[in-house]
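Q: The following comprises the amino acid sequence and a computationally predicted model.
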Amino acid sequence: MAQTAELNSIIANFKENAPAPVLEGITAANSDFQNAFKNQVTIKVGEKLPSFALSDALGKKVSSADLLAKGPILITFYRGEWCPFCNVALHNLQKNLDKFQAKGVTLVAISPELPNTSLSTTEKHDLKFSVLSDVGNKFARELGIVWKMPDSLRPTFKAFGNDLLTRNGDDSFEVPVPATLLVDGNGIVRNTYINPNYFERLEPSTALEWVDAL
């Protein structure tokens, strides 16, 4: 699958070129979180999606009610434009956007980044679907999909120039767990992909299979 191959290429390049302390720190943090996340209570299939009203890249409020009035929605959570794995996932969703729209599904991406940062993401990656700002991860927290990253990663983020305080508007050092939810027109969650290993993402082809089964 094309997306998985892209992700694996990023991982291989990172493992080959990253300084040993950086590689060890990120690998350890990822592993620790995956183990801790096993007991996390998250949104489940069959539950009603909590309502939300979030700003898009232009600062306009977009509500779940307005989106659901059009039919099913596919929501994908990403950590931020600084995350190469997230960018691959967004790019591949954009490549399949016409297929989702042909099936009557509205695609929405959500991150904790401020609207002006989301606008940069939208323009840089030529995204034609809404990118919403969940500032403070308030909506993600309702779904049980927030990771407070360890402070041990702060020097690594600084070294790579990833200033989350500027991007997100807070210094919580929290990001959403990469997740994709298919919600039917009645607001019921029909499928979920919630993976604490942020190296992996749902293939768009699988999401399209979900839609076909609605």
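A: Now that the structure is in, tell me what you want to look at.
Q: In this structure Leu153 contacts Ile26, no?
A: Yes: with contacts counted by C-beta atoms under 8 Å, Leu153 reaches Ile26, the gap being 7.0 Å. Any C-beta I mention is one placed from the backbone N, CA and C, and that applies to glycine too.
Q: for the helix or strand of the chain with the lowest mean pLDDT, packing partners?
A: Every helix and strand of the chain was ranked by mean pLDDT, DSSP states H and E. The lowest is helix 115-124, at a mean of 72. For helix 115-124, the packing partners by 3 or more C-beta pairs under 8 Å, 6 or more residues apart in numbering; DSSP states H and E come out as strand 130-133.
Q: Please compute how far the strand it packs on lies from its chain's middle.
A: Distance, stretch centre to chain centre, for strand 130-133: 11 Å (C-alpha atoms, centre = their mean, to the nearest Å).
Q: who's in contact with the least confident helix or strand of the chain?
A: If you take C-beta atoms under 8 Å, 6 or more residues apart in numbering as the criterion, helix 115-124 is touched by 55-59, 80-81, 90, 111, 113, 127, 131-133, 167-168.
Q: from those residues, which would you call buried?
A: Buried subset of these (neighbour count, 16 or more other C-beta atoms under 10 Å): 55-57, 80-81, 90, 111, 113, 127, 131-133, 167-168.
Q: which one of those residues is nearest Leu7?
A: Leu90 (12.5 Å; C-beta to C-beta).
Q: Quick check, that closest one in contact with Leu127.
A: Yes: contact criterion C-beta under 8 Å: Leu90 and Leu127 qualify, at 6.3 Å.
Q: Low-confidence stretches in this protein?
A: 1, 119-120, 124-125 (pLDDT under 70).
Q: which strands and helices sit next to the top helix by length along it?
A: If each helix of the chain is counted by residues according to DSSP state H, the longest one is helix 20-37. Judged by 3+ C-beta pairs under 8 Å, 6+ apart, helix 20-37 is in contact with helix 154-159.
Q: Now do the helix or strand that the helix it packs on is followed by: everything it contacts.
A: Next helix or strand after helix 154-159 toward the C-terminus (DSSP states H and E): helix 164-168. For helix 164-168, the external contacting residues (C-beta under 8 Å, 6+ apart) are 80-82, 112-114, 117, 135, 157, 171, 173.
Q: And those, which of them are buried?
A: Members of the contacts of helix 164-168 classed as buried by 16+ other C-beta under 10 Å are 80-82, 112-114, 117, 135, 173.
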